[in-house]
Each structure stands twice: as C-alpha cells, then as structure tokens.
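Student: show me how the following folds:
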Amino acid sequence: MREIKFRIWDKELKRYDSPNVHHLLKNDGIVSIVLNMDVQKISGNDRFIIQQYTGLKDKNGKEIYEGDIIAFGSTEQEDLFEVVWDEDDARFVLDSYGGRGCWLIDVKDREIIGNIFENPELLEK
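Tutor: Numbering: from 1, shown residues only. Next up is the predicted model:
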C-alpha cells in the first residue's frame, strides 16, 4: 500500500507548500487541507493546485509527484514526460508532449529533472 501524500503549488507565491498536512477532505467538491486545527479551503480557489505523490521514487530517491518531468533516452536525444493522473485507467502515467505516452513504470532508474510549474521551459522544446 502506498503512502498518500500531497504537495500544493501556490500560483501567487510561485512555490510549493505542504505545511503539516494532516488530512485531505473532499465535501461537495470543496477540497480542504486540515492544518493544525485550521481549515484552509483551496479547491475552487484558482490560486492553489494540489498534486498527489505517486508512491514511487526516482533513481536519487526523490519522491515523484503529479506534474514532475522525467527524462528518458540518451543524453543526445532525451524524451521528456510529465507525470499525470489518467482518469480512464485510474492510475498515474507518463504523458509525452511528442504524442507518445507510457505507463509510470521502471522510473527507479530515471531522474526527475523538474516540474511543470518551476521549470515550464523544459516542455517548450
């Protein structure tokens, strides 16, 4: 069973935040993070984007989350993939901007090279 964890991208501050997240609650489409007895509503607020941990780590032991960018291929020709949630198959997959996609497997020998918010230029190739 994988550990359920989240990170939150704050569009306004342009940084990730996951301060003492105890629970993620979803009621009537509103997602709330319970933080030390305070509830901060973040769904329906375009300022925040919630990303879930896949349960996998890259070759350096770094946790892989939605929105992370992983490189496959040789140093001369790397293909970049974004980690995304596939609603149809109910699993995380690697989505390619070149039109190819693949399952999120065998990433333990790959490396996260960035993510879609902190490094959007990686996907502009």
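
Student: quick check: L56 vs L94, distance?
Tutor: 11 Å (C-beta to C-beta, to the nearest Å). Every C-beta, even on glycine, is put in place using the N, C-alpha and C of the backbone.

Student: the more surrounded of those two?
Tutor: Each of L56 and L94 has its neighbours counted (other C-beta atoms under 10 Å); L94 has more, 23 against 19.

Student: for V93, give its distance to N45.
Tutor: Separation of V93 from N45 (C-beta to C-beta) stands at 27 Å.

Student: what comes up buried for stretch 116-125?
Tutor: 116, 122 (16 or more other C-beta atoms under 10 Å).

Student: rewinding a little: ok, V93 and N45, which is more surrounded?
Tutor: The residue with more neighbours, out of V93 and N45, is V93; 19 against 12, by other C-beta under 10 Å.

Student: element containing that one?
Tutor: Using DSSP states H and E, V93 maps to strand 91-96.

Student: ranges for the strands of the chain?
Tutor: 6-10, 15-17, 23-27, 30-35, 38-41, 48-57, 63-65, 68-73, 78-86, 91-96, 101-103, 112-115 (DSSP state E).

Student: what is the least confident helix or strand in this structure?
Tutor: Using mean pLDDT, DSSP states H and E, the weakest-scoring helix or strand in the chain turns out to be strand 38-41, at a mean of 60.

Student: need the per-residue pLDDT for M1.
Tutor: The model reports M1 with a pLDDT of 69.

Student: just to revisit the earlier point, next, the angle from the strand holding V93 to strand 78-86.
Tutor: 150 degrees (axes from the mean of the first three to the mean of the last three C-alpha atoms, to 10 degrees).

Student: relative to strand 68-73, how tilted is strand 91-96?
Tutor: Using the same axes, to 10 degrees: strand 91-96 against strand 68-73 is 60 degrees.

Student: pLDDT of strand 91-96, averaged?
Tutor: Rounded mean pLDDT across strand 91-96 is 83.
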